[in-house]
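[1] Okay, structure incoming, though there's no sequence with it:
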């Protein structure tokens, strides 16, 4: 019997593919806090490096805002709403290593759809944890 083992980026790619298919996201990716793309699924006109860099910048800026306002809490996620698009960046900290899950989504038409986006991101984060833990230990 032959057992096939998926590489870590392959598993992360599958998770992102599910996200995009279920929510109609234009792009989704996992990156490091420095903006290095670990895995992505995107439409051809979306530059994954730009999405990762902007996710890193948004995360860093929001963290600094929290510090300056003495919020004394870890940043969990960021949502930036444009007229037709929504950018969501979720921080995932594992063993003092920060990863970012970023998506470029259409603006949700209702609160139910926005909740659905959040549930999908919860699912993606939960399913990516084993692979991200492996990467954090390198």
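    Looks like it came in fine. Keep in mind the model is a prediction, meaning the values are calculated, not measured.
[2] Apart from its chain neighbours, what residue comes closest to the most centrally placed residue in the chain?
    In the chain, the centroid-proximal residue (CA atoms, centre = their mean) is residue 101; its distance is 1.2 Å. In this structure, residue 101 finds its nearest non-sequential neighbour in residue 90, 4.5 Å apart by CB to CB, 6 or more residues apart in numbering. Every residue, glycine included, has its C-beta placed from N, CA and C.
[3] and the one you found, what are its bridge partners?
    For residue 90, the residues forming beta bridges with it (DSSP bridges) are residue 77, residue 101.
[4] Thought residue 100 was touching it, still the case?
    Yes - applying CB atoms under 8 Å as the test, residue 90 and residue 100 come out as touching, 7.0 Å apart.
[5] quick one on the thing from earlier: now do the same for the residue nearest to the centre of the chain: its pLDDT.
    Looking at residue 101, its pLDDT reads 97.
[6] quick one: the strands in this structure?
    Along the chain, counting by DSSP state E, strands occupy 27-32, 37-42, 77-81, 85-94, 97-106.
[7] Single out the most deeply packed of these.
    Most buried of the strands of the chain, by mean neighbour count (mean count of other CB atoms under 10 Å): strand 27-32, with a mean of 24.
[8] Might you list the low-confidence residue ranges for this structure?
    In the predicted model of the chain, residues 1-9 satisfy pLDDT under 70.
[9] One more pass at 80, please.
    1-9, 138 (pLDDT under 80).
[10] on that earlier part again, next one: the residue nearest to the centre of the chain from residue 125, what distance?
    6 Å (CB to CB, to the nearest Å).
[11] Mutual contacts of the two, please.
    90, 92 (CB atoms under 8 Å, 6 or more residues apart in numbering).
[12] Does anything pack onto the longest helix anywhere in the chain? Which helices or strands?
    Taking DSSP state H as the criterion, the chain has its longest helix at helix 111-136. Helix 111-136 is packed against helix 8-23, strand 27-32, strand 85-94, strand 97-106, with contacts defined by 3 or more CB pairs under 8 Å, 6 or more residues apart in numbering; DSSP states H and E.
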